[in-house]
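1. I would like to see how this sequence folds:
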Amino acid sequence: MATTTRDPAHDTPGRAARAEAARPALVDERWELFHRWGPLALLAFGTLLAVPTTGLVGMGHGTWSLAVGLLAAAVALQAWWIAAARSRPGPSAAGTAYYFLRWALAFTLAWLNPFFVFYAVTGYFGSERLVLRRFVPTGLLVTAVTMAGAQAGGFPPHGRVAWVVFGALIAVNVGLLAFFGHLAAKEEERSRVQAVTIDELERTNAALQQALDENAALHAQLLLQAREAGVADERRRLAAEIHDTIAQGLTGIIAQLQVVTNTPDPRAARTHLDRAADLARHSLGEARRSVHNLAPAALEHDALPEALDKTVRGWAERTGVRADFTRTGTAEPLHDEVEATLLRIAEEALANAARHAAATRVGVTLSYMAGEITLDVRDDGRGFDPRALPARGRAGGFGLDGMRARAERIAGALTVESEPGGGTAVSARVPWVGAVPARVPLAHDDR
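-> Have a look, this model is predicted:
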């Protein structure tokens, strides 16, 4: 069974995002513990500080009885809220009532002894999660008043200066509330944007993974299509090679042997037999090169102009038709595939002229021009109507279609101009591609 191994490097962003998403939940859990048990702890701390200072602030026995009653009420209120808070998450009417009852107890205790202000400070931390939104400013303001009174020395302030200090402390507390409220809003906005960013990142990652999966499937499909196209193209190439080499060679051999059977002169017969033997050896070499996907035999030792010149002269000797080769422009080394393509097109055009044209003269022109190479094969034969030819691929042979396919395989084009009684002109135009720097030597067969 195949196993899949995950790359830790690729999984790091996902772990970081999950850790970042889990961190607020941990913080909320700790705040929940504080809101449940924090008021009781602060109440106990304020009581511990208030007891030793009773004489300093003049708290009498009756006042302490009131303080004990208030402390018991505060403990009972907190116990009720701990039990009720589980069923009332978020701001509610019950939470609002609890908040202001707790403030009232804290304000009264702070009036009796300023150290109970530690219990009152919880009002700063519970407003957003307990109180209905429209009562939040009021809750924070009364908490600020309680804090300012304790900081000024207790309630009520005595004297004008005490009242001024009390007012200044209220202003400072309200200012601090506004400042920290602004910071909290910014932090909340940042957290919201971060949460949105994490969601967008997860969606983007999912879309990217889907795109990668689709790309992999498309890549596999393209590979299959390319393999099938390569097989089909190779079949067409081999078929064209056989048609352009072996089939033409056999046609020439048959023609020479037919002449032998009709020639009583032994010397002439011997000449035609020698030509048939040469064609047979040439065709055998071409067959071996076709199998090994090598260049034509004519290009093994000669460049394209020389190979075309020899091909044209050999064709003229076999057919008895006058044929001339002309080169224009400066000859430069071409890529092997370009030279092989142009030579095969010339051979096929000459073969067509011998079979169908009944021409008395043929001209082959190779032109080196800026950016392209042109091969023209013209004859003065009987000609034909190109529009009357069968549709491409339906003639069953590799004549014009084969030449056109060869030209298109190297980004070239082939045009045919002809009319009945007006001869035929075949023109192939291919892009100029220079020879590669290091030419691989052709393999030789021992014959």
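
2. how far away is the nearest residue in space to Pro91 that is not next to it in sequence from Glu32?
-> With sequence-adjacent residues excluded and distances taken as CB to CB, 6 or more residues apart in numbering, Pro91 is closest to Leu132, at 5.2 Å. Backbone N, C-alpha and C define where each C-beta goes, glycine included. Distance, Leu132 to Glu32, by CB to CB, to the nearest Å: 19 Å.

3. tell me the SS of the closest residue in space to Arg355 that isn't next to it in sequence?
-> Distances taken as CB to CB, 6+ apart put Thr251 closest to Arg355, at 7.7 Å, once the chain neighbours are dropped. Here Thr251 is helix, with the state taken from DSSP: H, G, I helix; E, B strand; the rest coil.

4. I figured Thr251 hits Leu350, correct?
-> No: counting by CB atoms under 8 Å, Thr251 does not reach Leu350; the two are 11.7 Å apart.

5. Same drill for the two, tell me which one is more crowded.
-> Between Thr251 and Leu350, Leu350 has the larger neighbour count (other CB atoms under 10 Å), namely 26 against 15.

6. and the more buried one, how far is that from Thr311?
-> For Leu350 relative to Thr311 (CB to CB), the value is 7 Å.

7. can you check Asp213 too?
-> 55 Å.

8. Kindly report the same for Ser367.
-> 17 Å.

9. Who has more neighbours out of the two?
-> Thr311 (20 against 15).

10. quick one: average pLDDT of the helix or strand hosting the more buried one?
-> Element membership for Thr311 (DSSP states H and E) is helix 304-319. In this model, helix 304-319 carries a mean pLDDT of 93.

11. Please name every helix or strand in contact with it.
-> helix 248-261, helix 266-291, strand 322-328, helix 336-352, strand 361-369 (3 or more CB pairs under 8 Å, 6 or more residues apart in numbering; DSSP states H and E).

12. mind putting these in TSV, distance to Ala303 included?
-> Output for these, formatted as TSV (distance: least, CB to CB, whole Å):
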stretch	distance to Ala303
helix 248-261	22
helix 266-291	17
strand 322-328	10
helix 336-352	7
strand 361-369	11
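
13. quick one: which of the ones you listed is nearest Thr424?
-> Among those, helix 336-352 comes nearest to Thr424, with 7.9 Å by CB to CB.

14. buried stuff in the closest one?
-> Residues of helix 336-352 classed as buried: 336, 338-352 (neighbour count, 16 or more other CB atoms under 10 Å).

15. I'd guessed Phe166 sits against Ala150; true?
-> No: the criterion here is CB under 8 Å, and Phe166 misses it with Ala150 at 10.3 Å.

16. Now do Glu29: how many residues are near it, please.
-> 9.

17. Contacts only, for it.
-> If a contact means CB atoms under 8 Å, 6 or more residues apart in numbering, then Glu29 has no contacts.

18. what about it, which SS state?
-> Using three-state DSSP, the structure places Glu29 in helix.

19. Return the per-residue confidence for it.
-> Listed pLDDT for Glu29 reads 73.

20. same deal with the one 4 residues further on?
-> On the pLDDT scale, Leu33 is placed at 78.

21. got the buried residues for whichever strand or helix holds Arg378?
-> Per DSSP H and E, Arg378 falls inside strand 372-379. The neighbour-count check on strand 372-379 (16+ other CB under 10 Å) flags Ile373, Thr374, Leu375, Asp376, Val377, Arg378, Asp379 as buried.

22. the inter-axis angle of the helix or strand following that strand versus helix 336-352?
-> Sequence order places helix 400-409 as the next helix or strand after strand 372-379, per DSSP H and E. Angle, helix 400-409 to helix 336-352, by axes from the mean of the first three to the mean of the last three CA atoms, to 10 degrees: 160 degrees.

23. tell me which residues of helix 400-409 are tucked away?
-> Leu400, Asp401, Gly402, Met403, Arg404, Ala405, Arg406, Ala407.

24. counting contacts, what elements does it pack onto?
-> Where contact means 3+ CB pairs under 8 Å, 6+ apart, helix 400-409 is packed against helix 160-241, helix 336-352, strand 413-418, strand 424-431.

25. Just the CA trace of it, in PDB.
-> Extracted C-alpha coordinates of helix 400-409, given in PDB (Å, rounded to 0.1, in the frame of the first residue of the first chain):
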ATOM      1  CA  LEU A 400       1.300  16.600 -52.600                       C
ATOM      2  CA  ASP A 401       0.000  15.900 -49.100                       C
ATOM      3  CA  GLY A 402       3.300  14.400 -48.100                       C
ATOM      4  CA  MET A 403       5.200  17.300 -49.300                       C
ATOM      5  CA  ARG A 404       2.900  19.800 -47.600                       C
ATOM      6  CA  ALA A 405       3.100  17.800 -44.300                       C
ATOM      7  CA  ARG A 406       6.900  17.800 -44.500                       C
ATOM      8  CA  ALA A 407       7.000  21.600 -45.000                       C
ATOM      9  CA  GLU A 408       4.500  22.200 -42.200                       C
ATOM     10  CA  ARG A 409       6.400  20.000 -39.800                       C
END
